[in-house]
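Asker: I'd like to go over a predicted model; first the sequence, then the structure.
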Amino acid sequence: MARAKRRMRQILLLLVVIPFLSNFLIRIFAWKSLLHPEGPLTRLLIGMHLLPENVTLLNHSGTVLLVLVYTQLPFAILPLYAAAEKFDFGLLDAARDLGAGPWRAFSNVFVPGVSRGLISASVMVFVCCLGQYVIPQMVGGASDEMLGSKIAQRVFSDRNLPHASALAGGLMLAVLLPMLLVVLRQKFGRGKEAE
């Protein structure tokens, strides 16, 4: 996206942002209806003989992962795009002129150049996925539980509030720890740059 022409870049950015224009639950219901045994995607895959006739796409951990990727992908793309847009792509050409292959130029020049965007994208997606309980509840099976699902189960079904609060405290620590590491890395990273 960052290397595309201005008009194309705007179109691609719009395509990334379009899912935010509809409600989160509506998007999950749309996936549920697509993956339903009588849904259009399932019927298409069966018609193309890519799936057996009696297959069920819902209630699998792969389905939960697919919908999680779909819902969290914009949160990863936008910070990466912002970092890549500021990157000087002439550095990649210079690395290739100095003998680096495409992979080495990418890994030694581009990745460090957009590292802040990578870190931001990783933290945003990690934090959003940790507390997720709607997606496993709606498209996953009984065995596809995440920490958010466990907390909701302890609060609403089991009425075990001490266990739910302990899980929520653990979730809070799991969210705060990566954010703290990012802040410390940026603080000490700036100190080294100043030297």
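Answerer: In hand now; what should we look at? Residues are numbered from 1 along each chain as shown.

Asker: For Q186, which non-adjacent residue is closest in space?
Answerer: Nearest-residue entry for Q186: R116, 7.8 Å, with adjacent residues in sequence omitted and distances by Cβ to Cβ, 6 or more residues apart in numbering. Every residue, glycine included, has its C-beta placed from N, CA and C.

Asker: cool, T56 as well?
Answerer: Nearest non-adjacent residue to T56 (Cβ to Cβ, 6+ apart): P37, at 5.8 Å.

Asker: swap in M179?
Answerer: Computed as Cβ to Cβ, 6+ apart, the closest residue to M179 that is not its neighbour in sequence is V123, at 6.2 Å.

Asker: List the buried residues of the helix or strand containing the one you found.
Answerer: Element membership for V123 (DSSP states H and E) is helix 115-130. Neighbour-count burial for helix 115-130 flags 116-121, 123-125, 127, 129-130 (criterion: 16 or more other Cβ atoms under 10 Å).

Asker: what's the answer for stretch 95-105, then?
Answerer: Neighbour-count burial for stretch 95-105, with 16+ other Cβ under 10 Å as criterion, is recorded at 95, 100, 105.

Asker: can you check stretch 150-159 too?
Answerer: 150-155.

Asker: can you map out the helices along this protein?
Answerer: Using DSSP state H, the helices found in the chain span residues 6-17, 24-35, 40-47, 61-86, 90-97, 102-105, 111-113, 115-130, 134-139, 147-152, 161-194.

Asker: deepest of these, which one?
Answerer: Counting by mean count of other Cβ atoms under 10 Å, helix 134-139 has the highest mean neighbour count of the helices of the chain, with a mean of 20.

Asker: For that helix, give the mean pLDDT please.
Answerer: Mean pLDDT, computed over helix 134-139, is 84.

Asker: what about that helix, distance to the chain center?
Answerer: Centroid separation between helix 134-139 and its chain, computed with Cα atoms, centre = their mean, to the nearest Å, is 16 Å.

Asker: Other residues contacting that helix?
Answerer: The contact list for helix 134-139 (Cβ atoms under 8 Å, 6 or more residues apart in numbering) reads 24-25, 28-29, 31-32, 35, 58-59, 63-64, 67-68, 71, 144-146, 148-149, 152.
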